[in-house]
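Visitor: just coords:
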């Protein structure tokens, strides 16, 4: 291939090689990668006989150009950019073990048996729906106008750069704030702000009667008293002025007494006495608590 130039001085050939390779140093890969490509190519040229040097010159330059061309694909303006945002409508679920996933710069930690759906995922706007279980959201500081929301059947939680958790249950949702503040809206339109170390349960009034009925069924049928206590507490938290508060508080007090939670039973009895001093149930309640140790 280079028989017509057998006596080309090596210095001239070497100078030309440096010129070619030097021009390639302005490609897009990182500088250390460029330098490595050029150095390896030049070493290969110097190791070859002078006769074949013209061929090696072209080969080395081509190899460097191909390598840098690959670099342009990987690092250049048309390179694929990793997008950490999950697709709208995608589901993230955990089984028996907890799991986590990232959404933009934020992290979502799922407790066992938890499912979260992505309602919206775009720069500056993240909306998630927690259908069941408990998830903890580690949200980075938000800029003005940015939104991070979590919905359940019972509440909408809006974030102002914080770490918080939301637990969705059959009739209630619990919001717990670890850092920062969140704004919570319930289904009735009420809005409250929660600060660090605050927790609040939200139980829509529409489900209140169901909670009380289920609790009384468990108590009368010899079912789980622990579950009955939880249902009664959810009922009492569902609305500050629930219709059957007297009924619920009375049975909650007795359930705690039967479970051996004497201190809590006495506290609830004092609350009952204060709220319903004329109740015919008061005498029966006090006679029952008198048997406690």
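Guide: Here it is on my side, so go on. Worth saying up front: this structure is predicted, and the values here are computed from it rather than measured.
Visitor: next secondary structure after the helix or strand that residue 230 is a member of?
Guide: Assessed by DSSP states H and E, residue 230 sits inside helix 225-238. Per DSSP H and E, the first helix or strand lying C-terminal to helix 225-238 is helix 245-258.
Visitor: just want the angle from that next one to helix 225-238.
Guide: Relative orientation of helix 245-258 with respect to helix 225-238: 150 degrees, computed using axes from the mean of the first three to the mean of the last three Cα atoms, to 10 degrees.
Visitor: mean confidence score for helix 245-258?
Guide: Average pLDDT, helix 245-258: 90.
Visitor: how many residues are close by the nearest residue to residue 266 once chain neighbours are set aside?
Guide: Excluding its sequence neighbours, the residue lying closest to residue 266 (Cβ to Cβ, 6 or more residues apart in numbering) is residue 289, at 6.5 Å. Any C-beta I mention is one placed from the backbone N, CA and C, and that applies to glycine too. The local packing of residue 289 (other Cβ atoms under 10 Å) involves 17 other residues.
Visitor: follow-up on the earlier one: tell me the buried residues in the helix holding residue 230?
Guide: Using 16 or more other Cβ atoms under 10 Å as the test for burial, helix 225-238 gives 225, 228, 229, 230, 231, 232, 233, 234, 235, 236, 237, 238.
Visitor: also stretch 135-143?
Guide: 135, 136, 137, 138, 139, 142.
Visitor: quickly run through the sheet partners of the helix or strand where the third one lies, with directions.
Guide: Same thing as residue 137. According to DSSP H and E, residue 137 maps onto strand 125-138. Partners of strand 125-138 in the sheet, by DSSP bridges, are strand 106-110 (antiparallel), strand 115-122 (antiparallel), strand 147-151 (parallel), strand 155-168 (antiparallel).
Visitor: pLDDT on the second one, on average?
Guide: Spelled out, it's strand 115-122. For strand 115-122, mean pLDDT is 94.
Visitor: re earlier: what's the strand holding residue 137 in contact with?
Guide: If you take Cβ atoms under 8 Å, 6 or more residues apart in numbering as the criterion, strand 125-138 is touched by 94, 103-104, 106-121, 146-153, 159, 163-168, 173, 178.
Visitor: do stretch 102-110 as well
Guide: 84-86, 92-94, 98-101, 116, 118, 121, 123, 126, 128, 133-140, 148.
Visitor: that one: which residues count as buried?
Guide: For stretch 102-110, by 16+ other Cβ under 10 Å, it's 103, 104, 106, 108, 109, 110.
Visitor: what's the closest of the buried residues of helix 225-238 to residue 276?
Guide: Among the buried residues of helix 225-238, residue 236 lies closest to residue 276 (Cβ to Cβ), at 13.4 Å.
Visitor: so who does that closest one touch?
Guide: 242, 245, 248, 249, 252.
Visitor: ok, it to residue 227 distance?
Guide: Distance, residue 236 to residue 227, using Cβ to Cβ, to the nearest Å: 15 Å.
Visitor: ok, residue 198 next?
Guide: For residue 198, the distance to residue 227 (Cβ to Cβ) stands at 26 Å.
Visitor: buried stuff in the helix or strand harbouring residue 217?
Guide: Per DSSP H and E: residue 217 is located in helix 208-220. In terms of neighbour count (16+ other Cβ under 10 Å), helix 208-220 has its buried residues at 208, 211, 212, 214, 215, 216, 218, 219.
Visitor: many thanks, we can stop here.
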